[in-house]
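1. Generate coordinates for the sequence data below:
(2 chains)
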Amino acid sequence: MPSLRDIRRRIASVKNTQQITNAMKMVSAAKLQRAQDRVLAARPYSQRLRQVLEHLDARVRPDIHPLLAPRDHGRTLLVLVTSDRGLCGGFNGNVQRAAAELLRELGGNDNVDIITIGRKGRDFLTYRRYQMQASYMDLFTRQVAYEQAVELAATILAAYEGKPGDAEDDDYGYPDEDSEAAAGYKNVLVLYNRFGSAVQQVVTTLQLLPMSGHTTTDAEPSEPFDFIYEPSAEAVLDSLLRREVDVQLFQVLLESFAGEHGARMTAMDSATENASEMIASLTLTFNRARQAAITKELIEVVSGADAL
Amino acid sequence: MPLSVEILTPNRLLLQDEVDELNLPGTEGYLGILPGHIAFLTNLGQGELMLRKDGQQRYLAVFRGYMEVNDDKVTVLAEVAEDMAEIDPDRANSARDRAMERLRGGDAQAVDFDRASAALQRALVRLQVSARRG
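-> Down below sits the predicted model:
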């Protein structure tokens, strides 16, 4: 039986923790709101971009473009997106588990190069003794900037196309013919938490490259009217496809960021609730113990009086 | 029949309006778009985007991106776009001065020429647009 003082101390300690979890919940709720707004604000641009691409797809032959053509050999580049900080429930654990499984399936470092975004992914893979090509940490402490997504996308694109070093993507014109021959990767996969709602994040694997999906072969046949392209249909297509990679990655980062705060908010909310329950049960124990102590004292007094 | 225009950046939907005329920088020079324009898709350069509506002109700075014209619907997908009211002329001014300073700087090896001149051009576009505020 713990003493009254022990119980009182436990209650105080749980209350302390509860205050912290409650504060974290509030902060996450505010951040989630902002992150969610950004996810929504970014949506129209990516939708329009995809529409434009689809219009274009119907008219030029997109299958000739190197970013669209499937490749049958080469290594896989895995981009693992996690958060930098913990205390967000299963958010990181879920992607980490999925990453471990995927890596096992693909044959680990022998066949896969890995880039991690977020400290938790790096820590996890380091512990599992995987090699990483690059790991980015503390990229977005406040919010996700489009420029960061562009930079990352440029690095990934350069790796995919097997260009050495220089990650600058030139906006117009195809990459050199020979760079295609020296192509680096079979495909680029992104593993991240898609933002479903504040309480639901869905672990998702996205194939970033080669691109597929917007080849709308079943769409109505290209309309007969003339479209004019400047500088040329091929150059515009190339540049649009590159932009699409940027935008997809941007979307991934925004959603992961929003998901992190959603997950943290949910985790901290239940932690706060658990603390309340614990305080209630500890208070009950405390009162019982107090009652017992009083009763015992009374009995002692009474039996002491009886003895006289 | 007016043109319906949407201007978007990766971060937001900046503007959605019906206008009479649109003028903006393509890769090969400035383009004017009037109602009835042929279907058209182009890369954008950087410069001043002008919208005319009921005789009123409105200016924006745009940097790279795309424009699609299809059936009097104009979609501008800009990497960066700023309304004239949003631009801080002081900031643009000091950005211009910094870029000029770097370009003029003695040690030619140390200066990242491309970056400095790109920064200079951006600053000049911003100044040009913000001067339209009048």
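
2. report the longest helix in chain B, please.
-> Criterion DSSP state H: the longest helix present in chain B is helix B:113-131.

3. right, is that helix up against chain A?
-> No - counting by C-beta under 8 Å from any C-beta of the partner chain, chain A is not contacted by helix B:113-131; separation bottoms out at 9.3 Å. The C-beta positions use only the backbone N, C-alpha and C, and glycine is treated the same way.

4. Which secondary structure elements does the strand or helix carrying A:V95 sit against?
-> Using DSSP states H and E, A:V95 maps to helix A:91-106. For helix A:91-106, the packing partners by 3 or more C-beta pairs under 8 Å, 6 or more residues apart in numbering or on different chains; DSSP states H and E come out as strand A:75-81, strand A:112-117, helix A:119-127, strand A:185-197, strand A:200-209, helix A:233-307.

5. Okay, buried residues for the fourth one please.
-> Spelled out, it's strand A:185-197. By neighbour count on 16 or more other C-beta atoms under 10 Å in any protein chain shown, the buried set for strand A:185-197 is A:185-195.

6. again, but for the fifth one
-> Of the residues in strand A:200-209, those buried by neighbour count under the rule 16+ other C-beta under 10 Å are A:201, A:203-204, A:206, A:208-209.

7. Mind picking the two most distant members of the buried residues of strand A:185-197?
-> Using C-beta to C-beta, the pair of the buried residues of strand A:185-197 lying farthest apart is A:K186 and A:F195, separated by 28.3 Å.

8. pretty sure B:L3 contacts B:D17?
-> No - with contact defined as C-beta atoms under 8 Å, B:L3 and B:D17 do not form a contacting pair (9.0 Å).

9. Have a look at these two and say which one is more surrounded.
-> Counted by other C-beta atoms under 10 Å in any protein chain shown, B:L3 and B:D17 do not tie: B:L3 has more neighbours, with 22 against 13.

10. ok, now how distant is the more buried one from A:Q47?
-> From B:L3 across to A:Q47, the span is 20 Å (C-beta to C-beta, to the nearest Å).

11. What are the boundaries of the helices in chain B?
-> B:89-104, B:113-131.

12. tell me the pLDDT at residue 60?
-> Going with chain A. A:V60 is assigned 67 on the pLDDT scale.

13. sorry, should have said chain B
-> For B:L60, the predicted pLDDT is 93.

14. Go ahead and confirm it touches B:E82.
-> Yes - using C-beta under 8 Å, B:L60 is in contact with B:E82, at 6.4 Å.

15. give me the residue from chain B nearest chain A.
-> B:T42 (3.9 Å; C-beta to the nearest C-beta).

16. Quickly list what that residue is bridged to.
-> On the basis of DSSP bridges, B:T42 is bridged to A:E230, B:M67.

17. Tell me the residues of the stretch 101-250 of chain A that contact chain B?
-> Within the stretch 101-250 of chain A, the positions lying close to chain B (C-beta under 8 Å from any C-beta) are A:146, A:171-172, A:225-231, A:233, A:235-236, A:239-240, A:243, A:246-247, A:250.

18. Now chain A against chain B: closest residue?
-> The minimum distance from chain A to chain B, using C-beta to the nearest C-beta, falls at A:E230 (3.9 Å).

19. contacting residues for B:R98?
-> B:R98 makes contact with B:A119, according to C-beta atoms under 8 Å, 6 or more residues apart in numbering or on different chains.

20. any idea of the pLDDT on it?
-> Here the pLDDT value assigned to B:R98 is 89.

21. what does A:G89 give?
-> Looking at A:G89, the pLDDT reads 89.

22. cool, A:D57 as well?
-> 71.

23. A:Q200 too?
-> For A:Q200, the pLDDT comes out at 87.

24. Enumerate the positions of stretch B:6-26 that are buried.
-> By 16+ other C-beta under 10 Å, the buried positions in stretch B:6-26 come out as B:6-15, B:19, B:22-26.

25. CA atoms only for it - export them in PDB, please.
-> What follows is stretch B:6-26, C-alpha atoms only, in PDB (Å, rounded to 0.1, in the frame of the first residue of the first chain):
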ATOM      1  CA  GLU B   6      -7.100  31.900 -63.800                       C
ATOM      2  CA  ILE B   7      -3.700  32.600 -62.500                       C
ATOM      3  CA  LEU B   8      -2.200  30.000 -60.200                       C
ATOM      4  CA  THR B   9       1.000  29.300 -58.400                       C
ATOM      5  CA  PRO B  10       2.000  26.200 -56.600                       C
ATOM      6  CA  ASN B  11       1.100  27.900 -53.400                       C
ATOM      7  CA  ARG B  12      -2.300  29.400 -54.200                       C
ATOM      8  CA  LEU B  13      -4.900  30.400 -56.600                       C
ATOM      9  CA  LEU B  14      -4.000  34.000 -57.100                       C
ATOM     10  CA  LEU B  15      -6.700  35.400 -59.400                       C
ATOM     11  CA  GLN B  16      -9.800  34.300 -61.100                       C
ATOM     12  CA  ASP B  17     -11.500  36.900 -63.300                       C
ATOM     13  CA  GLU B  18     -13.100  37.800 -66.600                       C
ATOM     14  CA  VAL B  19     -11.000  40.200 -68.600                       C
ATOM     15  CA  ASP B  20     -11.000  41.800 -72.000                       C
ATOM     16  CA  GLU B  21      -7.400  41.500 -72.800                       C
ATOM     17  CA  LEU B  22      -4.300  39.800 -71.400                       C
ATOM     18  CA  ASN B  23      -0.700  40.600 -72.100                       C
ATOM     19  CA  LEU B  24       2.200  38.500 -70.800                       C
ATOM     20  CA  PRO B  25       5.800  37.500 -71.400                       C
ATOM     21  CA  GLY B  26       6.300  34.300 -73.400                       C
END
